[in-house]
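> With the input below, show me the fold.
(one chain, ligands or ions: 1)
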Amino acid sequence: MYLKNGQASLWWQEAAIYQIYPRSFQDLNGDGEGDLPGVISRLSYLKELGVDAIWLSPFYTSPNKDGGYDVSNPRDVDPRFGDMSDAVSLIEEAHKVGLRVIVDIVPNHFSTEHIWFKAALDSEPGSKERARFHFFDGRGEDGAIPPNNWCSIFGGPAWSRVTDSDGQPGQWYLHLFDSTQADLNWTNEEVHKDFEETLRFWLDKGVDGFRIDVAHGLVKDEILQDHRDPEGLTRALRLDVSDMPREQRESLLSDVPFFDRDGVHEIYRNWRKIFDSYPGDRMSVAEAWVHPSSRATLYVRPDELHQIFNFDFLIAEWDAKFLANAVEKTLQEVAAVSAPPTWVLSNHDSPRLVSRMGGGELGEKKARAIALLTHALPGGVYVFQGEELGLPDAPLSDADRQDPVFFRTKGVDKGRDGARVPLPWNSEQNNFGFTSGKPWLPIPANWIDKSVEAQKMLNEENRLSFLRLYQKSLQLRKLFADSNFNWLIRSNEVIGFSRGSEYAIYSNTSGEELQVSLPETFDSFEVMICSAPQEQLGRSGEGTLQLPPHSTTWVKRLK
Ligand code: BGC
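Numbering: from 1, shown residues only. Predicted structure coming up:
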C-alpha cells in the first residue's frame with residue numbers, strides 16, 4: 001500500500017516514531033532536568049528498541065510555563081537542554097545510527113517572553129507590533145469586559161488585559177491556552193514569513209520532519225462574537241464530557257470558531273512546498289483534534305501535510321467492537337486521500353496507557369494487549385517515552401505539580417504532570433539513573449521494578465517484560481510493513497485480521513480464554529508473539545488458536 005510511483009513506501013509511512021519529552025528523558029548535567037546530551041547518550045537504547053525515528057517535544061528557548069510549548073525563540077535551544085551545538089550533534093548522531101529526527105513546531109502562539117510580544121506591549125494599539133497577535137479593546141464603558149466570552153482550554157478566560165506604560169489598564173490579547181501563550185494572528189504576513197524561516201532553519205540543520213502543535217488552531221473566525229456556550233465548549237474540547245448529552249457535545253464540537261477553519265489549509269499548502277524543496281523525504285505530522293474525525297483527512301491531502309495523529313486509540317476502550325470500529329473508520333477515511341494512517345496510544349498530554357486501561361495488573365495486561373494490536377496495524381505508530389516500560393501515571397502531591405492546567409482550573413483538573421515524570425533507567429535510589437541530582441518531578445520508589453535495567457534482566461522466552469514485548473513487536477512489525485490488511489473476525493470479544501498472506505493477528509478483549517479457527521491457509525502456524533504469558537509461545541499449532549483472556553497474539557503461517 002501507499003506505493004509511490006511503484007516504489008516501496010516512504011520511511012515515515014510505516015515508521016514507529018518515539019516521542020521524547022526531553023525534560024524527563026535523561027539528564028547528564030545533574031540539574032534534575034533531562035537535556036539533549038542525555039538524549040544522545042540513549043540513542044543506542046532507542047535503536048535497540050526498534051523505532052525508526054524520534055520526535056522531540058520542544059527544546060527551544062522558553063520560560064517553560066507550559067513545558068516548553070510556550071516558545072520565546074523557536075530558532076534557539078533553551079539552556080536547560082543544552083545549546084545549538086548539542087541540537088546539531090543530536091541530529092547527526094541520530095542519523096549515524098539510522099534514526100530520523102522530528103522536531104516540534106508551535107505556530108498557534110508565542111510565549112509572552114518572545115521579542116514580538118514584548119515589542120507589542122511597548123507599542124500603541126493599532127501598531128504593526130500589536131497586529132502580529134490578537135489585540136483588541138475591551139467592551140463596556142471602561143473596556144473592562146473581554147472582547148468576547150471565549151474560555152482558555154486550560155481553564156479561565158481566553159483573554160488577558162495588558163497594562164499600558166502609564167499604568168492604566170489597556171487592551172486585551174487572546175490566548176487559547178495559558179496567559180503566557182499569546183495566540184498569533186495568521187492573517188498577518190509577517191507571521192507566515194517568520195514560521196517559514198523557522199521551518200527552513202531546522203530543515204537546514206537536517207531535521208527529517210515536524211510535529212505541528214495545535215495545527216487546527218491558527219485561523220480564527222468571528223473573533224469579536226460571543227460563543228453561545230463557551231464553558232460547555234471548553235469542557236467538550238477537554239473531553240470532560242461524562243455528564244454532557246451526546247447531541248450537545250456533537251453540536252459544540254462541530255463548529256468551533258477557533259479550530260479547524262477552512263483557511264488553515266492554505267498555510268499547509270505553502271509549508272508543503274517548503275518541505276518538498278528539500279531533499280530526503282522530509283515529513284510533517286499534524287496535531288489536530290477535529291470533528292467529525294473525517295475532517296482530519298483534509299490535512300493530509302496530497303498537497304498538504306503528510307500525517308495527522310489519529311487520536312481514536314488515545315481514548316480507546318479495551319473493547320473488541322469499539323476497536324474494530326475505530327480501525328475500520330480510520331482505514332476507510334485515510335484511503336480516500338491515499339494517506340497512511342497513524343496510531344497513538346499515549347502522549348505527554350494524556351493519561352499513561354496502563355492507567356487509562358484501569359491500572360494494576362489488569363490494566364497492564366490490557367495495555368500490553370492493545371499495544372500489540374496497535375503495532376500490527378498498517379501505517380505509522382507513535383510511542384510515548386515510558387509507554388514501552390508500562391509506566392502508570394505517577395502519583396504526585398499538589399506541591400509538585402507544574403502544569404498550568406492544574407493552576408488555571410484551581411486544582412479541579414490535576415493536569416498532565418503524572419504522565420511526564422522522568423524515566424527510571426536503573427535501580428539507583430531516588431534518581432533511578434535519570435539524573436545525578438534531584439529529578440524535577442519525583443520518581444515513585446516502586447518504579448525500580450519498571451526500570452529499563454530491571455526489564456532487560458527479565459528475559460525469559462515465556463515472560464516478556466513490557467520492554468521486551470515492545471522490542472520484539474517493533475522488530476517483528478517490519479516483517480509485514482506494506483502488506484495488505486484484511487479482516488478475519490470482528491465479534492463482541494475478538495478482533496482478527498491478516499497482514500499479507502502470512503501473518504494473522506488476534507485480540508481477545510474478554511476476561512475468558514477463547515478459541516478461534518484460523519483461515520484454511522493457516523492450517524499450520526507458529527505463534528510469533530503474545531501479550532500474555534502463554535505456553536504455546538513459539539510453538540506451532542494446527543487450525544485453531546487459544547486466546548488467553550485480555551490478550552493479543554500474532555501468528556505466522558507455516559508452509
Ligand atoms: C501540546 C500541549 C500544549 C498545547 C499548547 C498541545 O496540544 O501537545 O502540551 O500544552 O498544545 O501548546
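
> going forward, measure contacts between C-alpha atoms and count neighbours the same way
OK.

> looking at the protein, which helix or strand is least sure?
strand 459-460 (a mean of 63; mean pLDDT, DSSP states H and E).

> Quick check: the residue nearest the centre of the chain vs F434, distance?
The centroid of the chain falls nearest to N347 when counting by Cα atoms, centre = their mean (4.4 Å). When distance is defined by Cα to Cα, to the nearest Å, N347 is 20 Å away from F434.

> Which residue, other than its chain neighbours, is closest to the residue nearest to the centre of the chain?
Excluding its sequence neighbours, the residue lying closest to N347 (Cα to Cα, 6 or more residues apart in numbering) is F384, at 5.2 Å.

> need the contact list for the one you found.
By Cα atoms under 8 Å, 6 or more residues apart in numbering, the contact set of F384 is 18-20, 345-348.

> Report the secondary structure element holding the residue of the chain found nearest the ligand.
For the chain and the ligand, the shortest gap (Cα to the nearest ligand atom) falls at Y69, measuring 4.6 Å. Here Y69 sits in a region with no helix or strand, counting by DSSP states H and E.

> That one reaches T112, doesn't it?
No - using Cα atoms under 8 Å, Y69 is not in contact with T112; the gap is 11.7 Å.

> Tell me which of those two has more neighbours.
It is Y69, of Y69 and T112, that has more neighbours when counted by other Cα atoms under 10 Å, with 27 against 21.

> And for whichever helix or strand comes after the least confident helix or strand of the chain, what's in contact with it?
Toward the C-terminus, strand 459-460 is succeeded by strand 463-464 as the next helix or strand (DSSP H and E). Contact with strand 463-464 is made by 458, 533, as judged by Cα under 8 Å, 6+ apart.

> what's the spacing between strand 463-464 and its chain's center?
Put simply, strand 463-464 sits 27 Å off its chain's centre (Cα atoms, centre = their mean, to the nearest Å).

> Likewise for stretch 314-323?
On Cα atoms, centre = their mean, the centre of stretch 314-323 falls 18 Å from the chain's centre.

> Can you give the contact residues for that stretch?
313, 344-346, 350, 357, 366, 370, 490-495, 507-510.

> what about 7 Å?
344-346, 366, 491-495, 509 (Cα atoms under 7 Å, 6 or more residues apart in numbering).

> any residue of that stretch up close to the ligand?
No - Stretch 314-323 stays clear of the ligand (Cα under 6 Å from any ligand atom), getting no nearer than 13.0 Å.

> So for that stretch, mean pLDDT?
For stretch 314-323, mean pLDDT rounds to 95.

> So which bits of that stretch are buried?
Counting neighbours by 16 or more other Cα atoms under 10 Å, one finds that the buried residues in stretch 314-323 are 314-315, 317-321, 323.

> Make sure F275 is indeed in a helix.
Yes - counting by DSSP: H, G, I helix; E, B strand; the rest coil, F275 falls inside a helix.

> Just the pLDDT at it, thanks.
98.

> can you check the one 10 residues further on too?
In this prediction, V285 carries a pLDDT score of 98.

> Now do the phi/psi pair for it.
Main-chain torsions, V285, degrees, to the nearest 10: phi -130, psi 130.

> Could you do P392 as well?
Taking degrees, to the nearest 10, you get phi -90, psi 180 for the backbone angles of P392.

> List, one by one, the residues from this protein near the ligand.
Residues of the chain lying close to the ligand by Cα under 6 Å from any ligand atom are 66, 69, 177, 213-214, 349.

> Listing request: residues of the stretch 451-559 of the chain with sub-threshold pLDDT.
459-462, 534-541 (pLDDT under 70).

> tell me the helices in it, going along the chain?
Secondary structure of the stretch 451-559 of the chain by DSSP state H, counting those that start in this stretch: the helices cover 452-457, 466-476.
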